[in-house]
Each structure stands twice: as C-alpha cells, then as structure tokens.
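In: Dropping the sequence and predicted coords here.
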Amino acid sequence: LRLFPLCLCLLATAVFFRTLARAFGTDRAALVAIACVLLPMFNTYMPGLHFQGYSWALFLLQLSLLIRMYWTQTALPRWCWAALFLFGFAQGWLSFDQFFVVGLIAWPLWLLRRSEGGAPSRKDLALPVILAFAGFGFAHVLHFMQVAGELGSLGAALTEFRNTAAERVNQAGATVPQMLQRRIFAFLQADS
C-alpha cells in the first residue's frame, strides 16, 4: 500500500530537482537535493498511507511549477494555470491541514524572486494564490455538500461540523466564539 504514494513522491521529487537544475543550474540544484535528502522531514510523508504521500507529491509539483514561473523567462502554457487550481483542489480534498501552505507558497517565492532583481508582476503573485485557494476552498465546499447530502440538510451538516470542531478542542457544547475565546485565553496564559 505504501509503494504507490512512494513512487508518486519519488517522481515528483525528480521533477522538482529537474526544475531546480533548469532554473538555478546543476551545482545549486545538487546542493538543494543533498540538503533535502538529509532532512528527515523531506522523506517522512513519502510513504504515508493517510494521503500525506499524495499531498507531498502535489506540493512538490506545485513548487516546481511556481519556480518555473518565477525563474525562467518563458511564458507558462494555459494548462499550468489550471494545474495550480487542480493542485489546490486535490490538496483540499486530501487534507484540511495545509490550507495556508498550499495557498500562500507563491508569496515567499515571488518575494524571493523580486529581491533577486527579477520583476514578476503582481498578477504573477495574485493568480497562483487565488487559484490555489479557490481549488482548496472548492474541495471543502464539495465535502460540506457531501456531508449535508448524507445527513439530509445544511443545518445538520453545520451542527455536525461544529460538534466535531468542539470535540477536537475538547469543548463540546461551546459556541464558536466561546471556543476561540478559550483558545486565545489558554494561549495567553501559557505565554506568561
């Protein structure tokens, strides 16, 4: 069962390192490859059974596409824009945990490229962020509608999601503002 996500991750890693070599040269790409392989977290998700492997492969492909966009001088084909939406959608369907990583990864890359003297436009930042967030959000809307269909109404789905959220923070029966207030208060107490 671990072989398929592992193979997808290894393929995505090969694409990622190839993209790095094309954008920055073989020497720099080799240094990044060595650093990545030595870091345990780089390999941890690869054989994951609970969609971590698939999510990691998609993230590496998304990074590859963004690096190509910001560091090469060629215009991206139209399918690349659709791919950014699909990467966000698939990430959203697989996992709820990486919303900001998937949606905002273009921002630090865009800032880095501008600091190096490149001139990517604001559209080159806005469009990848919007597409990734739109795909991620669309997956969550579909998931919510699926739950509403199974439970029979939107109200039942909202109640189920609220109860699940309350259970996860060990505050069953609390309203959303009460949960936020308790979490902020606990955070402030731990900090002092």
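Out: Perfect, thanks for sending it. This one's a predicted model, so the numbers in the text were calculated from it and none came from an experiment.
In: I would like the residues contacting stretch 81-90, please.
Out: Here stretch 81-90 makes contact (Cβ atoms under 8 Å, 6 or more residues apart in numbering) with 54, 58-59, 61-62, 65, 102-103, 127-128, 131-136, 138-139. Where C-beta positions appear, they are placed from N, C-alpha and C, glycine not excepted.
In: Check the residues you listed for burial and list the buried ones.
Out: 54, 58-59, 61-62, 65, 102-103, 127-128, 131-136, 139 (16 or more other Cβ atoms under 10 Å).
In: Distance check, Asp124 against Ala82.
Out: Remark: distance between Asp124 and Ala82 (Cβ to Cβ, to the nearest Å) = 16 Å.
In: Same drill for these two, tell me which one is more crowded.
Out: Counted by other Cβ atoms under 10 Å, Asp124 and Ala82 do not tie: Asp124 has more neighbours, with 19 against 12.
In: Give me the distance between the more buried one and Cys80.
Out: 12 Å.
In: Please state the offset of the top helix by length along the chain from the chain centre?
Out: In the chain, taking DSSP state H as the definition, the longest helix is helix 122-151. The chain centroid and the centroid of helix 122-151 are separated by 12 Å under Cα atoms, centre = their mean, to the nearest Å.
In: Report the spatially nearest residue to the residue positioned nearest the centre of the chain, omitting neighbours in sequence.
Out: Nearest to the mean C-alpha position of the chain, counting by Cα atoms, centre = their mean, stands Val102 at 2.4 Å. Nearest residue to Val102 in three dimensions, chain neighbours excluded: Gln91, at 4.5 Å (Cβ to Cβ, 6 or more residues apart in numbering).
In: same thing with Leu61?
Out: Nearest to Leu61 is Ala12, by Cβ to Cβ, 6+ apart, at 5.2 Å.
In: who does whichever helix or strand that neighbour is part of touch, helix- and strand-wise?
Out: Using DSSP states H and E, Ala12 falls within helix 3-24. Counting contacts by 3 or more Cβ pairs under 8 Å, 6 or more residues apart in numbering; DSSP states H and E, helix 3-24 packs against helix 26-38, helix 52-71.
In: just checking, which of these sits deepest inside the structure?
Out: Across the helices and strands packed on helix 3-24, averaging neighbours per residue (mean count of other Cβ atoms under 10 Å) puts helix 52-71 on top, at a mean of 22.
In: Run the angle between that helix and helix 26-38 for me.
Out: Between helix 52-71 and helix 26-38, the angle comes out at 160 degrees (axes from the mean of the first three to the mean of the last three Cα atoms, to 10 degrees).
In: how about helix 52-71 as PDB, C-alpha atoms only?
Out: Output in PDB follows, covering the C-alpha atoms of helix 52-71 (Å, rounded to 0.1, in the frame of the first residue of the first chain):
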ATOM      1  CA  GLN A  52       0.400  12.500   3.200                       C
ATOM      2  CA  GLY A  53       2.400  11.000   0.300                       C
ATOM      3  CA  TYR A  54      -0.100  12.200  -2.300                       C
ATOM      4  CA  SER A  55      -0.300  15.600  -0.700                       C
ATOM      5  CA  TRP A  56       3.500  15.900  -0.600                       C
ATOM      6  CA  ALA A  57       3.900  14.900  -4.300                       C
ATOM      7  CA  LEU A  58       1.300  17.500  -5.300                       C
ATOM      8  CA  PHE A  59       3.100  20.100  -3.200                       C
ATOM      9  CA  LEU A  60       6.500  19.400  -4.900                       C
ATOM     10  CA  LEU A  61       4.800  19.600  -8.300                       C
ATOM     11  CA  GLN A  62       3.200  22.900  -7.300                       C
ATOM     12  CA  LEU A  63       6.600  24.200  -6.100                       C
ATOM     13  CA  SER A  64       8.100  23.100  -9.400                       C
ATOM     14  CA  LEU A  65       5.500  25.000 -11.400                       C
ATOM     15  CA  LEU A  66       6.000  28.200  -9.400                       C
ATOM     16  CA  ILE A  67       9.800  28.000  -9.600                       C
ATOM     17  CA  ARG A  68       9.400  27.600 -13.400                       C
ATOM     18  CA  MET A  69       7.000  30.600 -13.400                       C
ATOM     19  CA  TYR A  70       9.200  33.000 -11.500                       C
ATOM     20  CA  TRP A  71      12.800  32.000 -12.500                       C
END
